[in-house]
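# Below is the sequence, then the predicted model.
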Amino acid sequence: MTGPDAPAALRATGLGFRYRARGGWALRDCEFTVPCGRVTAIVGRNGVGKSTLLHLAGGLLRARRGELRVLDVVPGTPEARARVALLTQDKPLYPRFTVADTLLMGEKLNTSWDRAAAENTVREGDIPLTARVGELSPGQRTRVALALALGKRPELLLLDEPMADLDPVARGEIMATLMTEAADHGTSIVLSSHVLPELETTCDWVLLLRNGRVELSEDADALRESHAVLTGHADQEELLTGPADRASLPTGPAGRTDTPAGRHTVVHRRVGVRQMTALVRQRGPLRGDWHVERPSLENILIGYLQAADPQGPALAERTEAAA
Ligand SMILES: Nc1ncnc2c1ncn2[C@@H]1O[C@H](COP(=O)(O)OP(=O)(O)OP(=O)(O)O)[C@@H](O)[C@H]1O
């Protein structure tokens, strides 16, 4: 089922959040839908609002504007808490508890508890059940926190940079566990990550944030199919965007140009003396003499992230200001 009435893992309408009444907006005008049953990567540069969005979805923060729904219910309500698990970056666990005590607490607090799933996640990391949580390494604590989240058997699993503390082998194991969880139980997974190569084979939906706004909320395969990396002589640039748009192209090495309907969108470009390379969202056939390559998801995401202007407002804001 698709469309506005289809069940959604996350659905935001005009969502805005700021930490202090007079502070800047960490998230604003966010409008997106993440379908159920997807493994979604939230991607964006430091400080764009990934953790804030996950905390809103987990019910730890409340929207200041608009609304966010998780599994079509209000985050933080008893129904949402029963169906959603959130793993935050600080992973609050009781340091004096043993791992076994921690899992027992999970069992007592959750009406549906999958002890085998929780214990397997811990055992896979060779963490003794008798170890005290306070004596574990950060990566081992991540595993225990993830075991608690998986044992809950949630319909929606929210993970804020779950891979950050893990060694490469553990990252592979945890991603495999998450993929199995999604495939076997239809769990919707939303995770924020800066480790783009690991998203390539695992994520099938992308939510890309820029300056507190959602720039992409899209199927990963659709992104791959609609983008191309073009290399060719630099004087062909206007064949992509048209003469009318050339003047509005940013002069720096990075920048993004939205083009009129039916033209291509140059997401990011590098221009040398004679040659240019551009990541382009293709709309229709290409004009000119280009070497065309299909980019990986990682390359597409890097292109969008590079197009961000860390010194200034997002393109959308510049456009609004100019209007
Ligand atoms: N507790 C807080 N009080 C005030 N401002 C905050 C707080 N937490 C985050 N912010 C601000 O909100 C914005 C979004 O922060 P957030 O932590 O959501 O970004 P992020 O995308 O998760 O960053 P990172 O990739 O570095 O983890 C930033 O400008 C940040 O400074």
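Nice, thanks for sending it over.

# what's next to stretch 78-85, contact-wise?
Counting by C-beta atoms under 8 Å, 6 or more residues apart in numbering, the neighbours of stretch 78-85 from elsewhere in the structure are 57-59, 70-71, 73-75, 111, 148-150, 152, 154-158. Where C-beta positions appear, they are placed from N, C-alpha and C, glycine not excepted.

# Can you narrow those residues down to the ones near the ligand?
Residues shared between the contacts of stretch 78-85 and the neighbourhood of the ligand: none [C-beta under 6 Å from any ligand atom].

# filter those to the buried ones?
The neighbour-count criterion (16 or more other C-beta atoms under 10 Å) marks 57-59, 70-71, 75, 148-150, 152, 154-158 among the contacts of stretch 78-85 as buried.

# so of the contacts of stretch 78-85, which ones are in helices?
When the contacts of stretch 78-85 are checked against helices (DSSP state H), the matches are 57, 148-150.

# Where does pLDDT dip in the stretch 201-323 of the chain?
By pLDDT under 70, the weakly predicted segments of the stretch 201-323 of the chain are 242-262, 308-323.

# Residue numbers of the protein in contact with the ligand?
Contact residues of the chain with respect to the ligand, defined by C-beta under 6 Å from any ligand atom, are listed as 19, 26, 44, 46-52.

# okay, the residues you listed in JSON lines with pLDDT next?
Below are the residues of the chain next to the ligand laid out as JSON lines (pLDDT from 0 to 100):
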{"residue": "19", "pLDDT": "94"}
{"residue": "26", "pLDDT": "96"}
{"residue": "44", "pLDDT": "95"}
{"residue": "46", "pLDDT": "93"}
{"residue": "47", "pLDDT": "93"}
{"residue": "48", "pLDDT": "94"}
{"residue": "49", "pLDDT": "95"}
{"residue": "50", "pLDDT": "96"}
{"residue": "51", "pLDDT": "96"}
{"residue": "52", "pLDDT": "97"}
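
# which helix is the longest one in this structure?
helix 168-185.

# What pairs with the following helix or strand past it, parallel or antiparallel?
Of the helices and strands lying after helix 168-185 in sequence (DSSP states H and E), the nearest is strand 188-192. Based on DSSP bridges, the pairing partners of strand 188-192 within the sheet are strand 39-43 (parallel), strand 156-160 (parallel).

# so can I have TSV of these showing mean pLDDT and distance to residue 138?
As requested, the strands paired with strand 188-192 are arranged in TSV below (pLDDT from 0 to 100; distance: least, C-beta to C-beta, whole Å):
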stretch	mean pLDDT	distance to residue 138
strand 39-43	97	21
strand 156-160	96	14
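
# Tabulate these in JSON lines, adding columns for distance to residue 89.
Listed next are those as JSON lines, based on distance: least, C-beta to C-beta, whole Å:
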{"stretch": "strand 39-43", "distance to residue 89": "13"}
{"stretch": "strand 156-160", "distance to residue 89": "5"}
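
# what pLDDT does residue 88 get?
Model confidence at residue 88, expressed as pLDDT, equals 92.

# Skipping its backbone neighbours, what lies nearest residue 190 in space?
The shortest distance from residue 190 to any residue other than its chain neighbours is 4.5 Å, reached at residue 40 (C-beta to C-beta, 6 or more residues apart in numbering).

# How about that neighbour: which residues does it bridge to?
According to DSSP bridges, residue 190, residue 205 are recorded as the beta-bridge partners of residue 40.

# Might one say that it is in contact with residue 34?
Yes. Taking C-beta atoms under 8 Å as the definition, residue 40 is a contact partner of residue 34 at 5.1 Å.

# quick one: common contacting residues for these two?
By C-beta under 8 Å, 6+ apart, residue 40 and residue 34 have these common neighbours: 9-10, 188, 190, 205, 207.

# Out of the residues you listed, give me the two with the largest separation.
Of all pairs drawn from the shared contacts of residue 40 and residue 34, the greatest distance, 12.4 Å, lies between 188 and 207 (C-beta to C-beta).

# Please say which of these two ends up with more neighbours.
Using other C-beta atoms under 10 Å as the criterion, residue 188 and residue 207 rank with residue 188 on top: 27 against 24.

# Apart from its neighbours in sequence, what residue is nearest that one?
residue 9 (3.9 Å).

# and the one you found, what does it touch?
Under the criterion of C-beta under 8 Å, 6+ apart, the contact partners of residue 9 comprise 34-38, 40, 70-71, 156, 188, 190.

# The closest residue to residue 66 other than its chain neighbours sits in which helix or strand?
With C-beta to C-beta, 6+ apart as the measure, residue 14 is the residue that lies nearest to residue 66, at 3.1 Å, once sequence neighbours are left out. In this structure, residue 14 sits in strand 8-18 according to DSSP H and E.

# Buried residues, that strand. List them.
Taking 16+ other C-beta under 10 Å as the basis for neighbour counts, the residues of strand 8-18 that come out buried are 8-12, 15-18.

# Quick check: neighbours shared by residue 188 and residue 207?
With contacts defined as C-beta under 8 Å, 6+ apart, the residues shared by residue 188 and residue 207 are 34, 40.

# ok so, going back, average pLDDT for the strand holding residue 14?
97.

# tell me the centre residue of the protein?
Averaging the C-alpha coordinates of the chain gives a centre point, and the residue nearest to it by C-alpha atoms, centre = their mean is residue 42 (0.7 Å).
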